[in-house]
Every structure is written in structure tokens, then in C-alpha cells.
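*Asks:* Just a sequence and a predicted model for now, questions to come.
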Amino acid sequence: MLFNWLSLVTGFFYIVLGIVVIIYKFFIIFLEPNIAYALGGLLILYGIFRIVRAIYRIRQNKNEE
């Protein structure tokens, strides 16, 4: 159960990281704008995926109880 909540929090951090990469165009090194947008978008999509998966698992656990 704790893993699901940590996955939810991690998803929010991925979304924030994606927004930071898009705004500052920096991820370990300075990035070209096109690469920054692509990487930021990918991080945001992965964060959304983690959140949706965590919510699905939390709902499944509540239904089983």
C-alpha cells in the first residue's frame, strides 16, 4: 500500500521535473529548445502514467478490502 502512495508522489515529481526542463531548458546539461520540449513532455507523460497507475492500484486495494 505504501508503494502505491510513493508512486503517486513520484508521479507528481516527474511532472514538476518535466515543467522545469521545459522552462529552464536544463537537465544535467543545457539543452536545445527542441530537445528540452521533447524531454519535458516525455517526463510529464511518464508522471501522468505513474499517477494513473497508482490511483488504479489504490482503488483496486480498496475494493478488495
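*Replies:* Happy to help now that I have it. Numbering: from 1, shown residues only.
*Asks:* how many neighbours does Ala54 have?
*Replies:* Neighbourhood size, Ala54 [other CB atoms under 10 Å]: 19. Where C-beta positions appear, they are placed from N, C-alpha and C, glycine not excepted.
*Asks:* whoops, Leu43 was the one
*Replies:* 21.
*Asks:* can you check the one 10 residues further on too?
*Replies:* Per other CB under 10 Å, the neighbour tally for Arg53 reads 14.
*Asks:* Test my guess that it contacts Thr10.
*Replies:* No - Arg53 is beyond contact range of Thr10, at 10.6 Å (criterion: CB atoms under 8 Å).
*Asks:* Give the other helices and strands that the lowest-mean-pLDDT helix or strand in the chain contacts.
*Replies:* Within the chain, no helix or strand scores below strand 26-27, which has a mean of 86 by mean pLDDT, DSSP states H and E. Packing partners of strand 26-27 (3 or more CB pairs under 8 Å, 6 or more residues apart in numbering; DSSP states H and E): helix 33-64.
*Asks:* For Lys25, give me phi and psi.
*Replies:* Per-residue torsions, Lys25: phi 50, psi 40 (degrees, to the nearest 10).
*Asks:* Could you find the closest non-adjacent residue to the residue nearest the centre of the chain?
*Replies:* Compute the mean C-alpha point of the chain, and by CA atoms, centre = their mean the closest residue is Gly47, 1.7 Å away. What sits nearest to Gly47 in space, not counting adjacent residues and going by CB to CB, 6 or more residues apart in numbering, is Tyr14, at 3.2 Å.
*Asks:* So which elements touch the helix or strand in which that neighbour is found?
*Replies:* In the assignment (DSSP states H and E), Tyr14 maps to helix 2-24. The contact analysis (3+ CB pairs under 8 Å, 6+ apart) places helix 2-24 against helix 33-64.
*Asks:* Tell me the helices and strands packed up against the helix it packs on.
*Replies:* For helix 33-64, the packing partners by 3+ CB pairs under 8 Å, 6+ apart come out as helix 2-24, strand 26-27.
*Asks:* ok so, going back, tally up the residues packed near the residue nearest to Gly47, please.
*Replies:* By other CB under 10 Å, 20 other residues sit near Tyr14.
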